[in-house]
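**Student:** Next input, structure requested:
(chains A and B)
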Amino acid sequence: MKKSLYLLFTVFCCSRLFGQDCSIRLTGHVHSTISHENLPNATVQLSGTAKTLITNSNGDFAFDSLCAGTYSIIITHSSYDTIVKSVVVQRRLHVDFDLMPARNTLSKVTVTGVKGVQNTGLKRELSGRKLDETRGLSLAEALSKMNGVSVLQTGSTISKPIIHGLHSNRILTINNGVRQEGQQWGNEHSPEIDPFIANRLTIIKGVDELRYGSDAIGGVILVEPRALRNSPGYNAELNALYFANNRQYVTSFIFEQQLKKLSSFTYRLQGSFKKGANVNTPAYRLNNTGIEEKNFSLTAGWRKEHFNSEIYYSFFNTEIGIFAGSHIGNLSDLSNAIAASRPDPTFTGQNTYKIERPYQDVTHHLLKWKTGFDIDNNKFTVLVAGQHNQRKEYDVVRNSSTKTPQIDLSIFTFSEEINWEHPRKSNFSGVVGLTALQQDNSYSGRYLIPNYRSYSFGGYAIEKWEKGNLDVQAGVRYDNKDINTNRLQAASQTFTAYHFNFSTLASSVNAGFKILPEWKINSNVSLSTRAPQVNELLTNGIHHGAGTYEVGDIYLKPERSFNVSVNSSYTSTNKIFSADLTLYRNDIANFIYQQPKPDEPVLTIRGAFPKIVYEAADALLHGLDISTVFVPYQRFSLTSKYSMLRARNRRIDDWLIGMPADRIGNELTYNLKDLGQFSNTYFSIEVQNVFKQTRVPGDKNGAQDYKLPPEGYMLMNADVSTTIKLKKLPLAFSISGRNLLNKSYREYLNSFRYFTDEMGRNISIRLKIALEHFY
Amino acid sequence: MKKQLLKFSLLFFGASALLLSSCKKDKDEENEEEVITTMQLTLVPQGGGTTVTYKFDDPDGPGGGAPTQDQIILAPNKTYSVSLLLLNKTVTPAEDISTEVAAEGQAHRFYYEPSAGSNIVVSGLNVDGSGIALGLISSWTTTTAATGTIKITLRHYPGNPPNKAAADAVNSSKSSTDIEVDFNTSIQ
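**Tutor:** I've put the predicted structure just below:
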C-alpha cells in the first residue's frame, strides 16, 4: 500500500471581503520543482469550505464561484513536500505551485498500513485519526495498529515492536531522521521515544532501508514529526487524555510559529507528560505497575529558497514500575510463580501512582543539526547528531537504605551523515551518502554488558528509475564497525579486553509495475547483514525474571538475511473495494538466538540456574499479511486484516520460539454526516482475534520454555469520535474502549504471561484542541 | 564538488571523534552490589566439644570460578548452637551481610530443611522484631550416625509491607529466594 503525503496548502478565510462578488474563478497548476513534470492526482482543497478537487493529467485545477477574500487550500500527493502560501482572491486568478519531492519517499514499500479508509475519506491529517486513536499508548502499541506488526511485552508497561517476527536490534528506529542509539540489550528494554513527537509513523522495508543501516533485517521504523510551518503565523495543539483502568492521564502540547518579519525562521515547541497508576486485570490489580513519562522537544529551522537548516533537541524520561511478583530469585521461585493460577495477594490490590523497586528509569537526549542546500538541482544534506542514553535499573534490594540502581548503563553516540541527491535526469533519480558513528558505553553496578567504544563508518548509493507504469530501484550499502570492549575488574577476577571488527554489506532491488491504474505489483529482494551486538558477544550473568544464566559467544558472526517480498495492491475504480497482500520470505544465516543448555546448570549461592547460550542457526521466516477495505456505501466501511508467520530454526529443524501467532482484525466504521457544529463524527467497533501459538520448539534440544503458550483470545474495542466547533476552535472529542468485554487473557508475546493476566477493560477519553492563526 | 563533499565529511567525522574522546572519562571500578559470596555456619556443641565451621564459598560471585562447598560433619546425639554468617567477599574487606539481614529481619527468613534420614532436627530459630522466625541463630540436634543433606534457604519479602507471617512456607509466593544451598551432611 502506498503511503500518501498530504500537502498542506493554506489560504485563509475572509480577512477582507469585497462586496458580494461570489463568482470568481481560481485556477492553478501544480508541478514538480525538480523534474518540471506536471503533477496529476494531487488533491486540492479550500480550507474552510467543502471544496475539494483533484488535479487533472496536466496538473491543473479550477475552483469556480468563489467569494472574494483570502483562502486556504490543501493538496494531497504522494512523495512531495509541503508547501504553504496565501492567496488573496479579488478577481479571476491563476496560480502556479512548485512542489519539492519529499526527502524520504525515494520509494518506500510500506508494510501494509491501515490507511485504506483514510485514503478514501479523511484529508488534512498527515497520519490521520488512526494515529490519534493511539495517543497515550506506547510507540510499539501504536505501531501494532499496522498489519504485520505485533508487540513484545514485559508486563503492561514495557513494549517493543515486532515486525514480521523480528525485533530489538533487528529493527532500526529512526527518530526524526536520526538512527536511535538507545539500549536494547534485552526484551525489557523498550525504545526511548515519545510517540507524541510523531505526526506520522512509517515502517519501511526494501531499498530505502539502506539510508539508515545495513542491519535492518526486520525493517525500519520512521518516527516523523510534521514539517515545520512554512507560512507566517502560529498554531498550537493541545491533547488531554484519561484512561480509566489505571487512572492514567496524559497531556501533550505543540506550539509552532513562523514570524512575519523574519519569515525564514520557524520553530516548534513540543512536550508531553504521562502518569499512570497500577494496572487492573479483570480479576486483580497489579502492584507496582505505574508509569511516569516526561518528554519535550525544541525545533528551530531556517529556510531560504536553496538553503535550509534545522536544530532539534529532544528529551525523554520514563520511570516504569515492574510488577514485583515477577521478581524471581531462582528457578524454584520461577516454577512456583508459574504454577500459581494468579499472583499472591501480597502483590495485588494496591491502587496507587507510587513506583517502587523494581523499576527502570531511562533518560534519552538527542541533539541534531541538519542542513540542506541545493546547487543546480543537486540536493545536499549534512546531518550531525549526538545522543546520550542512561538506563538505570533498580532491583529489589535486601537493604532498604540502598538508593543506587543495580544496573546503570550510559551510552554516548555521535553520528554524522552527508548525502547528495542528484538531479532527476532521463527518469533517473538517486542519492549517495556517507555516514559515521562513534559510541561509548559505560556501566556501573551489576554486569550486563562491558564498557565499550565503537567506531563505524559506511556509505550507500540508491538509484531509482521510473517510466510509465514501471519503476525500478536499487541500492547498495557497506558498513564497518569496530568495537573495543573493557570489562571492569570484579572481585579478584580480571577480564580480557576484546576487539571486534565487522564489515557488513547490504543491497536491495525493488521493482514496481502498474498492471492497471488501480492494480499495482511490487517486488523486492534485499540482502542485509547485522553484526552481533555486544550483549550477544559478551553478556555473562543471571537474567532475573527469566530465571536463567545467560552467556554470550565471542565467536559469533554477522547475521545475513536474504529477504524476498511481493506486494500487490488493488483499489477498484469506484473505490468500493481495496485489497493489499504482502508475501515474504526471510532466510537468515547465522541467526543469533538463545539456546538452553540443560546439561550445564550454573551453581550459585541462589541455587542452580539453567544456562542459556547465544548461538547461531539458520532461520527461515515466511508469511503473509493481507488487508482489505470494503466500502459498500459512502459512510460505512469494513476493514479486515490478517497476518500469518511461520518461523523455523533450520539447524535443529524446529520452530523458533517467541514468534507471533496468526491474528485477524475486523473493524466496522460508520462516518456520520457533518451536522451543525459537529464534524468528523464516527463510530467504530473492532474485533481482534489472536490464535493460540502452536508452533513452538519441542523439548528435544532442552526445554525452551517454562510454560505452554496461552490460549488464543478475542478482544473487542470501540471508538466514538467527533469534532465540535467552539467559537471557531475545533475541539476533537473521543471515547474509546479497549477490551470492552473485560476478558481475562494472556498473550504469548508478553513475558509476564507466566505470572499475570493482561489489562482488563480500559475506557479512555481524548480531547484535542487545535488552533491556527495567520499573520 | 565531490572533493568538497569529502572535505566536509572528514571535518565532521574528525570533530565528533574529538568530542567523543574529550567527553570520555573512565568510571571508577565498581562492584556488583547485593552480592552474597559466602555462607558460613559456626556450630558450637553444647556441653563441651570442638567448635566447627562449614561454608559455601563463591568468592567471585555468580559465574566465573565454581563455588566450593564443605560437607557438614557432626557428632551423634549432640545439640549444636548454630550461628549463620553471610559475607560479600568481592569487596575488601569482606562485607558482613548478616547484619543487614538482621536489620531488615521483617523482610527475611531462613528455612532449614534436613532430608529424611539425615537424623538432624533444627529448632530454636531466633525471631525478628515481630516475633516471627528469622533463623540467623538456630539449634541443631543429632541422633544416630547417618548421611543426608540439609537445604538452607534465605527468603526475601519484596512486598511493601512485606506481609511476612509465621505460617509462610519456604516456597511462599510472597517471598523470593536470595540464597538456596544444599549441604551434604554426615553424622559420624
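**Student:** only C-alpha atoms for contact and neighbour calcs from this point on.
**Tutor:** Noted.
**Student:** Taking the centroid of chain B, which residue is nearest it?
**Tutor:** residue B:36 (4.1 Å; C-alpha atoms, centre = their mean).
**Student:** got a list of what that residue touches?
**Tutor:** A:605, B:61, B:86-89, B:97 (C-alpha atoms under 8 Å, 6 or more residues apart in numbering or on different chains).
**Student:** change it to 10 Å
**Tutor:** Taking C-alpha atoms under 10 Å, 6 or more residues apart in numbering or on different chains, we find residue B:36 in contact with A:604-606, B:57-62, B:86-90, B:95-98, B:178-179.
**Student:** Which helix or strand contains it?
**Tutor:** Under the criterion DSSP states H and E, no helix or strand holds residue B:36.
**Student:** What distance do you get for it to residue B:86?
**Tutor:** 7 Å (C-alpha to C-alpha, to the nearest Å).
**Student:** Now for these two: what residues contact both?
**Tutor:** B:95-98.
**Student:** Need the phi and psi values for residue A:131.
**Tutor:** The phi/psi pair for residue A:131 (degrees, to the nearest 10) reads phi -70, psi -40.
**Student:** Now rank the shared contacts of residue B:36 and residue B:86 by neighbours and give me the top one.
**Tutor:** residue B:97 (21 neighbours; other C-alpha atoms under 10 Å in any protein chain shown).
**Student:** my guess is it contacts residue B:40, does it?
**Tutor:** No - with contact defined as C-alpha atoms under 10 Å, residue B:97 does not count as touching residue B:40 (11.3 Å).
**Student:** Which neighbours do those two have in common?
**Tutor:** B:85-87.
**Student:** Is residue B:59 part of a helix or strand, or is it coil?
**Tutor:** coil (DSSP: H, G, I helix; E, B strand; the rest coil).
**Student:** so it touches residue B:95, yeah?
**Tutor:** No - at 11.9 Å, residue B:59 does not count as touching residue B:95 under the criterion of C-alpha under 10 Å.
**Student:** Show me where the chain has its helices.
**Tutor:** All of this refers to chain A. A:116-120, A:128-132, A:139-143, A:331-339, A:534-538 (DSSP state H).
**Student:** could you do chain B instead?
**Tutor:** B:2-23, B:97-103.
**Student:** Out of these, which gets the lowest mean score?
**Tutor:** The weakest mean pLDDT among the helices of chain B belongs to helix B:2-23, with a mean of 51.
**Student:** burial count for residue A:96?
**Tutor:** Other residues close to residue A:96 by other C-alpha under 10 Å number 12.
**Student:** what's it in contact with, if anything?
**Tutor:** Applying C-alpha under 10 Å, 6+ apart, the residues near residue A:96 are A:27-31, A:59-60.
**Student:** Which one of those residues is nearest to residue A:569?
**Tutor:** Sorting the contacts of residue A:96 by how near they are to residue A:569, with C-alpha to C-alpha, puts residue A:59 at the top with 24.5 Å.
**Student:** Just confirm that closest one contacts residue A:39, I think it does.
**Tutor:** Yes - when contacts are counted by C-alpha under 10 Å, residue A:59 is listed as touching residue A:39 (4.6 Å).
**Student:** Common neighbours of those two, please.
**Tutor:** Joint contacts of residue A:59 and residue A:39 (C-alpha under 10 Å, 6+ apart) are A:29-32.
**Student:** ok, back up a step: point out the least confident member of the contacts of residue A:96, please.
**Tutor:** Lowest confidence among the contacts of residue A:96: residue A:31, with 77.
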